[in-house]
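**Student:** Model the following, please.
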Amino acid sequence: MAYHQPTQPRYGHCESYFVESDEGVYAIRAEARERARSIARLHQRAIAEELSRLTADEYQEDIMDHMENMEAQTMPDVNSIDIQTEIQWFMRPFLLDFLVEAHAAFQLLPETLFLAVNLLDRYCSRRVVYKRHYQLVGCAALLIAAKYGDKKDRVPTVRELKSMCCSLYDDEMFTQMEWHVLQTLDWSVGHPTVDAFLQIALAEVAYDAEVEHMALYIAEIALYHREFVSARPSVLARSALALARCILSRTQSNPSEWAGAYDAQIVMSLSNHLYNPSLVLSRKYASMHLSSVSATVDEFLQRQAQIARRAAAPPTPPTVATLEEPKPAAGDYLGPQTPQKTHYGSVMQHGCLTPPITPENEQFAYNNMAKAHPQVPHAYPTTPTPDHPSNMQHVQYPPHSSYLQPQHA
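**Tutor:** Next up, the predicted model:
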């Protein structure tokens, strides 16, 4: 029996074997669900911020008490830094210029720079630091500060820090110094910085980006000078904020408020150091995203100089003795003076006349300082020394570490 082929297809005519799918409908629905999730997340974030604000207002007094207690415990000792045998205060601006450039290159938070300088000063308060290790200690402090409070994707690596130091130090030296800084400070890294107190003061009024940038600029200028190393961050933040508002002609805070309780003496000292800031710092704050506050300060100082010249016109004809304009003294306010190391013969902190020095053992090669001071107790750890001292004698120093080279009388 022959098979009979039907003349008409059973299910109708079809030009293709593929059927149109509903992927477009599913994509629209998935996009709608994702949009709903995004809106829900924003709503939850708004609720969380509101709850955080209410909680912060409730515990604000306890938070402030804790921060002020912590800042008192984590302050460096200026007298111990004064009696360092090799590093001196005139070397500090060179190292800070390097740290400011590294901080800007890695786009770290403002509080990271203040914390790094605090760690550096606290370490120098407890250990003898050689000139050849000064930059290494600064890099270790910056690395610790970035790991402590900054974003993980912006924390510098040892390879990057080594490149910035022109391969002056080995990888193991960075790791060894980082561990030694933490051990010296008893792993107490938390320090309320100037930026932290500044944010609390700015939260009391409407946000003004220019005032914040100006206050940060003034606070970073203060890092370069010895007289502000012993100033508490809370007082320094309020004083820098008061000076920033004065420069920008903003309304000052009420003296009864926390932000208005600034130190007039520190404000005057800060204003005296505005005339000749670091070029690296001035270029940093000349950018638009930082409100070009360094240019604003220059214009303010020019106006003040013009006002002073007009007010200096004598009411009576000057005598022969007063025709010559008086010259500023060495400690005058016209510009920052190079800090000099002083000598203290009195009993210092912990009863030590000099900070602890490098011990004599096979781990640390440089022991000349230890031989010169055998009376120093061994209860204080010391600055580590690289394992390859012979390789350090012919190393070319990087541009920012010129201060590390020996000084000749």
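**Student:** Any regions of the stretch 301-409 of the chain where pLDDT drops low?
**Tutor:** Counting by pLDDT under 70, the ranges of the stretch 301-409 of the chain that qualify are 313-409.
**Student:** Spell out which residues make up each domain of the protein.
**Tutor:** 80-184, 204-311 (automatic domain parsing).
**Student:** mind checking which of the ones you listed is nearest A40?
**Tutor:** Checking those against A40 by CB to CB gives domain 80-184 as the closest, at 25.5 Å. (Glycine included, C-beta is placed from N, CA and C.)
**Student:** okay, the one helix or strand L182 maps to in CSV with CA atoms only?
**Tutor:** Using DSSP states H and E, the element containing L182 is helix 171-184. Extracted C-alpha coordinates of helix 171-184, given in CSV (Å, rounded to 0.1, in the frame of the first residue of the first chain):
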residue,chain,number,x,y,z
ASP,A,171,61.2,45.0,50.1
GLU,A,172,62.1,43.4,53.4
MET,A,173,63.2,46.7,54.9
PHE,A,174,59.7,48.1,54.4
THR,A,175,58.1,45.1,56.0
GLN,A,176,60.6,45.1,58.8
MET,A,177,60.1,48.8,59.5
GLU,A,178,56.3,48.5,59.4
TRP,A,179,56.4,45.7,62.0
HIS,A,180,58.9,47.6,64.2
VAL,A,181,56.8,50.8,64.2
LEU,A,182,53.7,48.8,65.2
GLN,A,183,55.6,47.0,67.9
THR,A,184,57.1,50.2,69.2
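**Student:** And it, what's buried?
**Tutor:** By 16 or more other CB atoms under 10 Å, the buried positions in helix 171-184 come out as M173, F174, Q176, M177, E178, H180, V181, L182, T184.
**Student:** now swap in stretch 99-118 and tell me
**Tutor:** Judged by neighbour count (16+ other CB under 10 Å), stretch 99-118 contains these buried residues: 99-103, 106, 108-118.
**Student:** ok, now stretch 214-225?
**Tutor:** M214, A215, L216, Y217, I218, A219, E220, I221, A222, L223, Y224, H225.
**Student:** Which pair of those spans the longest distance?
**Tutor:** Pairwise over the buried residues of stretch 214-225, using CB to CB, the maximum falls at M214 and H225, 18.0 Å.
**Student:** Poorly predicted segments of this protein, please.
**Tutor:** 1-23, 313-409.
**Student:** Helices of the stretch 51-200 of the chain, start to end?
**Tutor:** Taking DSSP state H, counting those that start in this stretch as the test, the helices found in the stretch 51-200 of the chain are 78-82, 92-105, 110-124, 134-149, 158-164, 171-184, 194-202.
**Student:** Distance to L241 for these - can I get that in a markdown table?
**Tutor:** Formatted as a markdown table, the helices of the stretch 51-200 of the chain follow (distance: least, CB to CB, whole Å):
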| stretch | distance to L241 |
| --- | --- |
| helix 78-82 | 24 |
| helix 92-105 | 21 |
| helix 110-124 | 14 |
| helix 134-149 | 21 |
| helix 158-164 | 32 |
| helix 171-184 | 30 |
| helix 194-202 | 5 |
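**Student:** Go through the ones you listed and name the closest to A56.
**Tutor:** The minimum distance between A56 and the helices of the stretch 51-200 of the chain falls on helix 194-202, with 9.6 Å, by CB to CB.
**Student:** quick one, what contacts M70?
**Tutor:** By CB atoms under 8 Å, 6 or more residues apart in numbering, M70 lies in contact with G190, H191, P192.
**Student:** quick one: which of those has the most company?
**Tutor:** P192 (26 neighbours; other CB atoms under 10 Å).
**Student:** sec struct for P255, please.
**Tutor:** Recorded secondary structure, P255: coil (DSSP: H, G, I helix; E, B strand; the rest coil).
**Student:** burial of the residue lying closest to it once chain neighbours are set aside, as a residue count?
**Tutor:** Spatial nearest neighbour of P255, chain neighbours left out: A261 (6.7 Å); criterion: CB to CB, 6 or more residues apart in numbering. When counting by other CB under 10 Å, one arrives at 16 neighbours for A261.
**Student:** Can you classify A261 as helix, strand or coil?
**Tutor:** Strictly by three-state DSSP, A261 counts as coil.
**Student:** quick one: it and R238 touch, right?
**Tutor:** Yes - here A261 reaches R238: they are 6.3 Å apart, a contact under CB atoms under 8 Å.
**Student:** Specify the stretch among the helices of the stretch 51-200 of the chain that is closest to F300.
**Tutor:** Once those are compared by CB to CB, helix 194-202 is nearest, at 19.9 Å.
**Student:** if I look at D62, how far off is S52?
**Tutor:** 15 Å (CB to CB, to the nearest Å).
**Student:** In contact with R122, which residues are there?
**Tutor:** Residues counted as contacts of R122 (CB under 8 Å, 6+ apart) are T74, P76, L185.
**Student:** List the contacts of the first one.
**Tutor:** Counting by CB under 8 Å, 6+ apart, T74 makes contact with N118, R122, S188, G190, H191, P192.
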